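Novice: what would the 3D arrangement of this be:
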Amino acid sequence: MTKRLILFTTILTLSLGTIACSSDESKAETTTTATDTAVAPPLPADVQDIANATTAATESAATAATAVANSTGAIEATGEFVSPVRSELSAKMPGRVAKVFVDEGSRVTRGQPVLVLESDYARLHLQAAEADAQRAKAARDEAARDLERKKDLIAKDSIPRATFDRSQAMYDQANAAYASAGAQSALLRQQVADATLRSPVSGVIAEKRTEVGARLGEGGVAFVVVQLSPLRLRFQVPERYLGRIRPGIHVTARVDPYANETFEGTIKTVGGVIDPKTRTMFAEAEFPNRDGRLRPGLFARVETKLD
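Specialist: Below is the predicted model of the structure:
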């Protein structure tokens, strides 16, 4: 009887333990499932900003790549006016700035003086060189006359050949001295001319990097000039229109400063490479801009009719 009671107690204990383990496993599974299905915590603010910026850039690129022609069969796009010529003006020789004739934003024409360097010493050297050239010319002329006389005398056998050869040598030396003096004068004259810096194009002063009294070194940039006429408008075209857009096609552009006007241009360049990120290619249209109202950097809405 006692053995049966002990056996029954043992069986009962094992059964209760098994039930308890099953209950714990069920709770663990329930907890794991709840954890797996819970909503992930929000991203930190700085990380969320980066994610939003990346998403916006991707959507913008997708929009540019999926642009379509409007109801009139023309492409509508946006672009920016750029100058075909941007020149950094540097003096040909170092020196101190004596005068400045323009300021940032000034309109200039091709060949217009914009700056003058101090050239007092160069002018004095030029005067001395020109005086030397005049003396060399007088000596050459005298040697030439003497040589002509010797030619008449040698023809009559009135003088030895050595005398004639000396006259010939004197003339050659005087002629070389005159040429050297003339070259020195020309060099100094060019230096005086180079002291005046002139605009190579008609446009506007975009940057001014010097003032009166400043010293310009070798290669120092004094001004940046950008051409205004003509201007070019660069915009992006979806790759699907590669076979329908080409140089010579007429375009119109609108800009915010002149909201009620349109500007006429002609496509001059079409890019030969497709951007793999946006699936677009660039095109550039040239606008005469004779009145100079359009400026580089101006945002524009462009409409291009396709072939």
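Novice: now the most centrally placed residue in the chain, nearest residue through space, not along the chain?
Specialist: Ranked by distance to the mean C-alpha position of the chain (Cα atoms, centre = their mean), the top residue is residue 86 at 6.5 Å. Among residues not flanking residue 86 along the chain, residue 226 sits closest, at 5.1 Å (Cβ to Cβ, 6 or more residues apart in numbering). For the C-beta atoms, the positions are set from N, CA and C on the backbone; glycine is no exception.
Novice: what sits against that neighbour?
Specialist: By Cβ atoms under 8 Å, 6 or more residues apart in numbering, the contact list for residue 226 reads 83, 85-87, 203-204, 206, 296.
Novice: buried subset of those, written for PyMOL?
Specialist: Buried residues among the contacts of residue 226 (16 or more other Cβ atoms under 10 Å), as a PyMOL selection:
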select buried, resi 83+87+203+204+206+296
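Novice: can you list the contacts of residue 226 in a markdown table and add pLDDT and distance to residue 149?
Specialist: Output for the contacts of residue 226, formatted as a markdown table (pLDDT from 0 to 100; distance: Cβ to Cβ, whole Å):
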| residue | pLDDT | distance to residue 149 |
| --- | --- | --- |
| 83 | 93 | 66 |
| 85 | 92 | 61 |
| 86 | 93 | 64 |
| 87 | 93 | 58 |
| 203 | 92 | 62 |
| 204 | 93 | 65 |
| 206 | 93 | 66 |
| 296 | 92 | 70 |
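Novice: helices or strands up against the host helix or strand of residue 176?
Specialist: Applying DSSP states H and E as the criterion places residue 176 in helix 161-194. Helix 161-194 sits against helix 120-155, with contacts defined as 3 or more Cβ pairs under 8 Å, 6 or more residues apart in numbering; DSSP states H and E.
Novice: distance from the helix it packs on to the middle of the chain?
Specialist: Mean C-alpha position of helix 120-155 versus that of the full chain (Cα atoms, centre = their mean, to the nearest Å) differs by 51 Å.
Novice: now do it, average pLDDT.
Specialist: The average pLDDT for helix 120-155 rounds to 93.
Novice: hang on, the earlier thing: mind listing what's buried in the helix holding residue 176?
Specialist: Those would be 164, 167-168, 170-171, 174-175, 177-178, 181-182, 184-185, 188, 191, 194, for helix 161-194 by 16+ other Cβ under 10 Å.
Novice: show me what the helix or strand following that helix is in contact with.
Specialist: Downstream of helix 161-194, the first helix or strand assigned by DSSP H and E is strand 196-198. Contact with strand 196-198 is made by 89, 91, 111-117, 222-223, as judged by Cβ under 8 Å, 6+ apart.
Novice: switch to 7 Å and redo it
Specialist: 89, 91, 111-116, 222 (Cβ atoms under 7 Å, 6 or more residues apart in numbering).
Novice: stretch 126-135 too?
Specialist: The contact list for stretch 126-135 (Cβ under 7 Å, 6+ apart) reads 178, 181-182, 184-185, 188-189, 192.
Novice: likewise stretch 266-273?
Specialist: 232, 245-251, 281-286.
Novice: of the residues you listed, which is the most crowded?
Specialist: Tallying neighbours with other Cβ atoms under 10 Å puts residue 285 at the head of the contacts of stretch 266-273, with 28 neighbours.
Novice: ok so, going back, quick one: the helix holding residue 176 to helix 120-155, angle?
Specialist: On the basis of axes from the mean of the first three to the mean of the last three Cα atoms, to 10 degrees, helix 161-194 is oriented at 160 degrees to helix 120-155.
Novice: tell me, how many residues neighbour residue 238?
Specialist: Other residues lying near residue 238 total 20 when counted by other Cβ under 10 Å.
Novice: that one contacts residue 282, doesn't it?
Specialist: No. Using Cβ atoms under 7 Å, residue 238 is not in contact with residue 282, being 11.6 Å away.
Novice: for the stretch 1-150 of the chain, which segments count as helices?
Specialist: Taking DSSP state H, counting those that start in this stretch, the helices of the stretch 1-150 of the chain run over residues 2-36, 45-65, 120-155.
Novice: sorry, back to before: and the residue nearest to residue 86, what's its pLDDT?
Specialist: 94.
Novice: in which helix or strand does it reside?
Specialist: strand 221-227.
Novice: just checking: what are the partner strands of that strand?
Specialist: Within its sheet, strand 221-227 is paired with strand 86-90 (antiparallel), strand 203-208 (antiparallel), according to DSSP bridges.
Novice: export the longest one as PDB, just CAs?
Specialist: The C-alpha coordinates for strand 203-208 follow below in PDB (Å, rounded to 0.1, in the frame of the first residue of the first chain):
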ATOM      1  CA  GLY A 203      29.600  91.700 -71.100                       C
ATOM      2  CA  VAL A 204      29.400  92.500 -67.500                       C
ATOM      3  CA  ILE A 205      31.900  92.600 -64.600                       C
ATOM      4  CA  ALA A 206      30.900  89.600 -62.500                       C
ATOM      5  CA  GLU A 207      33.800  89.900 -60.000                       C
ATOM      6  CA  LYS A 208      36.200  92.700 -59.000                       C
END
